[in-house]
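**Student:** Got a predicted structure here, sequence first:
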Amino acid sequence: MCWLFVLEFIFVLLGWEGSASDSRVLHDAVTRTSGLRVPTGYYYLVDGGYTNGERFLAPYRGTRYHLSELDNGNMPRDHVEYFNMKHSKARNVIERSFGLLKGRREMYVDPMENVVFPLEPQNVEDIDVVGTVESSDQWTTLSNDLALQMFNEWRGRRLAREARAAEVVEITTRARTAARAATAKNARSARE
């Protein structure tokens, strides 16, 4: 697991062969005694190979996801596309971290020595042990609500920017019209 924007790995599970399914590896990680722990109020982004289960956010399936599909002015049409766009951007940071890790010549013997959560819990109850990773109606509703909230905030900022831009155009147009009128009046006065 990679902590975004810091490019640090906060959990590493070694020993699985490449042909193992993503969900099987994640299940192993969360069920180990010293395995992956999810601090209360946090979640991890996972790719489409995982289920969209409690504390693990996968992208929406069957809709645009890759940033190249949203380039060239193709703006997200709804909360699903917006969530997938943000998910894809975050995943790019994670993939870059993997690239940097692969480029290192030295590897650490015990990656679990310095596991750091983004938040220091006040007590043990602050960290939930996720025993299984499976989809639920409650989690689906929570993740959909999060996507809607993100989209509505983005749309609000975008509409406000567009309104400010329209106001600037209006003021500029009025100023140009007034300047033309003043120039025409001055030209008439000069002829008289």
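**Tutor:** Done, it's in. Residues are numbered from 1 along each chain as shown.
**Student:** so what secondary structure elements neighbour the strand or helix carrying residue 80?
**Tutor:** Here residue 80 sits within helix 79-103, counting by DSSP states H and E. Using 3 or more CB pairs under 8 Å, 6 or more residues apart in numbering; DSSP states H and E as the contact test, the elements touching helix 79-103 are strand 2-3, strand 8-9, strand 44-45, helix 137-191. All C-beta atoms are positioned from the backbone trio N, CA, C, and that covers glycine.
**Student:** With distance to residue 28 as extra columns, can I get these in CSV?
**Tutor:** Formatted as CSV, the helices and strands packed on helix 79-103 follow (distance: least, CB to CB, whole Å):
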stretch, distance to residue 28
strand 2-3, 18
strand 8-9, 17
strand 44-45, 15
helix 137-191, 21
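**Student:** Determine which of the ones you listed approaches residue 76 most closely.
**Tutor:** With CB to CB as the criterion, residue 76 lies closest to helix 137-191 of the helices and strands packed on helix 79-103, at 7.2 Å.
**Student:** Specify the angle between that closest one and helix 79-103 in degrees.
**Tutor:** Counting by axes from the mean of the first three to the mean of the last three CA atoms, to 10 degrees, helix 137-191 points 100 degrees away from the direction of helix 79-103.
**Student:** What average pLDDT does helix 137-191 get?
**Tutor:** Computed over helix 137-191, the mean pLDDT rounds to 88.
**Student:** try stretch 58-68
**Tutor:** On average, stretch 58-68 scores 75.
**Student:** Stretch 18-35 now?
**Tutor:** Per-residue scores along stretch 18-35 average to 82.
**Student:** In that stretch, which of the residues would be classed as buried?
**Tutor:** 23, 26, 27, 29, 30, 35 (16 or more other CB atoms under 10 Å).
**Student:** shouldn't the fourth one be in contact with residue 11?
**Tutor:** Yes. Taking CB atoms under 8 Å as the definition, residue 29 is a contact partner of residue 11 at 7.1 Å.
**Student:** In space, what's closest to residue 144 - neighbours in sequence excluded?
**Tutor:** Excluding its sequence neighbours, the residue lying closest to residue 144 (CB to CB, 6 or more residues apart in numbering) is residue 79, at 7.7 Å.
**Student:** any idea how far residue 170 is from the one you found?
**Tutor:** Using CB to CB, to the nearest Å, residue 79 is found at 31 Å from residue 170.
**Student:** Ok, residue 60 next?
**Tutor:** Relative to residue 170, residue 60 is positioned 38 Å away (CB to CB).
**Student:** and if you look at residue 134?
**Tutor:** Applying CB to CB, the value for residue 134 to residue 170 is 54 Å.
**Student:** before we move on, what about residue 158?
**Tutor:** Using CB to CB, one gets 19 Å for the distance from residue 158 to residue 170.
**Student:** What of residue 41?
**Tutor:** Going from residue 41 to residue 170 by CB to CB gives 44 Å.
**Student:** Please apply the same query to residue 188.
**Tutor:** 27 Å.
**Student:** ok, back up a step: from the buried residues of stretch 18-35, which land in helices?
**Tutor:** 23, 26, 27, 29, 30 (DSSP state H).
**Student:** Thank you kindly, that will do.
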